[in-house]
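Trainee: Got a predicted model here, sequence first, then my questions.
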Amino acid sequence: MIPKKLPPLPPIRDLIRVYGLSANQRFSQNFILDKNVTDTIAQHAKISAKDDLVVEVGPGPGLLTRSILDAGARRVVVVEKDPRFLPALQQLSEASDQRMSIIMGDMLTIDHAAILEAAQTLPSPPGSISSANDNGQDRGAALDQESSANNVWKPMDSQRSTIRLLGNLPFGVASPLVIQWLKMMALRKGIFQADNNVSMSLMFQKEVAEGITARPNHSQRSRLSIMSQSICDVKIAYRLSSGVFVPKPKVDAAVVHFVKKAEPLMPGSLDKLEDVARYYFNKRRKTMGNNTNRLARLMPEVKPILDEWIAEGGWDMNMRTQEVSTEQLCALARKLDHAQIKIPLT
Ligand SMILES: C[S@@+](CC[C@H](N)C(=O)[O-])C[C@H]1O[C@@H](n2cnc3c(N)ncnc32)[C@H](O)[C@@H]1O
């Protein structure tokens, strides 16, 4: 597909003036105002006209959104909380040949049905190479028929819908959002419903990205590593130096690519795994044996489950929490889930 030309990018100094960004002022948000960088992020996320939907969280002034549209995405839904960015996003949407829809709202609390409904209102542009299915039927028209008949997102073909979730997430909401999405992915809820094939390319502060991808024995290993790696294959796709952001933050950043595992280590809800990971990582310097004995003292009813877990796994209880494998903590979480036992948040 040849995307319609988007309006020229305003000079960066105008973006800085319009959005009140100043190199001297410390903002809680850090923006990317270099199109080469956002193009590279879109490339690493493998955005193409073949995707059924791209969801971008926190587009801000919309530079990454431009790169997503320039990469040929046919349906882009952006979710932005800050109304200052609405005029710039509206300008992009108008120039996008009906490929972009804007939701002003908080991604933490938004009902994902609104995202899927917004996607359904976007027709597939006529003449795009991927707008017709194998029967020659226009995919946008097929979607419109489906959406008016039934207000639920349906794959456009018999195949699964491919959805890409992108965002440069602000520090304060990055971890809660990712945990929320992983839990929804595990339960196939929201945009992760049914057979949708959702991959996520999310930008974090470098330390958070390293935590998510940290393998056993890595100093950044955390609850987020366990939760992410229980259900997804994760890797750092792209590193960005702090100098590409305005204003320049103190730390570098990285884009993490998440792809759902064919066989998640934790089937169903991730709630028990979150409890287990939180419990053990709260005392990360202690050995697994120390933490496990303490748990057995706190909750005597859990002792038989812990004994069974150790006996079956043959786990080395002299390891420190950060050395433990995701499989090991998932094995305990599965047992607690089966026994419907909740461990305390101490
Ligand atoms: C770090 S800036 C990134 C902006 C732009 N994507 C970029 O890379 O330059 C984060 C953006 O997310 C938005 N944002 C923050 N919290 C949000 C939330 N809970 N839901 C939706 N957007 C949010 C902010 O208003 C801001 O525009």
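Mentor: Cool, the structure landed.
Trainee: Indicate the residue of the stretch 201-346 of the chain located nearest to the ligand.
Mentor: Nearest residue of the stretch 201-346 of the chain to the ligand, counting by C-beta to the nearest ligand atom: M203, 7.0 Å away. The way it works is simple: take the backbone N, C-alpha and C, and place the C-beta from them, glycine included.
Trainee: Neighbours of that residue, how many?
Mentor: Here the neighbour count serves as a burial measure; for M203 (other C-beta atoms under 10 Å) it reads 24.
Trainee: and it, helix, strand or coil?
Mentor: Assigned with DSSP: H, G, I helix; E, B strand; the rest coil, M203 falls in the strand class.
Trainee: Give me the nearest residue to it, chain neighbours excluded.
Mentor: Computed as C-beta to C-beta, 6 or more residues apart in numbering, the closest residue to M203 that is not its neighbour in sequence is N168, at 4.2 Å.
Trainee: ok, that neighbour to E263 distance?
Mentor: If you measure N168 against E263 using C-beta to C-beta, to the nearest Å, the figure is 31 Å.
Trainee: about what we covered before: now do the same contact list for the residue nearest to M203.
Mentor: With contacts defined as C-beta atoms under 8 Å, 6 or more residues apart in numbering, N168 is in contact with N30, I32, G58, G60, L64, L202, M203, A253.
Trainee: Quick check: the residue of the protein nearest the ligand.
Mentor: Using C-beta to the nearest ligand atom, the point where the chain gets nearest to the ligand is G58, with a distance of 2.2 Å.
Trainee: Was I right to think K335 contacts E308?
Mentor: Yes. With contacts defined as C-beta atoms under 8 Å, K335 counts as touching E308 at a distance of 6.8 Å.
Trainee: So those two - more neighbours on which side?
Mentor: Neighbours of K335 and E308, each counted by other C-beta under 10 Å, are more numerous for K335; the result is 19 against 13.
Trainee: what's the helix or strand for the more buried one?
Mentor: In this structure, K335 sits in helix 326-339 according to DSSP states H and E.
Trainee: What residues of that helix count as buried?
Mentor: Neighbour-count burial for helix 326-339, with 16 or more other C-beta atoms under 10 Å as criterion, is recorded at T326, Q328, L329, C330, A331, L332, A333, R334, K335, L336, D337.
Trainee: Just list what that helix packs against, helices and strands only.
Mentor: helix 223-231, helix 271-282, helix 303-313 (3 or more C-beta pairs under 8 Å, 6 or more residues apart in numbering; DSSP states H and E).
Trainee: Kindly compare burial across those helices and name the winner.
Mentor: Each of the helices and strands packed on helix 326-339 was assessed for mean neighbour count using mean count of other C-beta atoms under 10 Å. The highest is helix 223-231, with a mean of 24.
Trainee: Output that helix as PDB, restricted to C-alpha atoms.
Mentor: The C-alpha trace of helix 223-231 is given here as PDB (Å, rounded to 0.1, in the frame of the first residue of the first chain):
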ATOM      1  CA  ARG A 223       8.600  -9.900  39.900                       C
ATOM      2  CA  LEU A 224       8.200  -8.300  36.400                       C
ATOM      3  CA  SER A 225      10.800 -10.700  34.900                       C
ATOM      4  CA  ILE A 226       8.900 -13.700  36.300                       C
ATOM      5  CA  MET A 227       5.400 -12.400  35.300                       C
ATOM      6  CA  SER A 228       6.600 -11.500  31.800                       C
ATOM      7  CA  GLN A 229       8.600 -14.600  31.100                       C
ATOM      8  CA  SER A 230       5.900 -16.900  32.400                       C
ATOM      9  CA  ILE A 231       3.700 -16.100  29.400                       C
END
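Trainee: Alright, that wraps it up for me.
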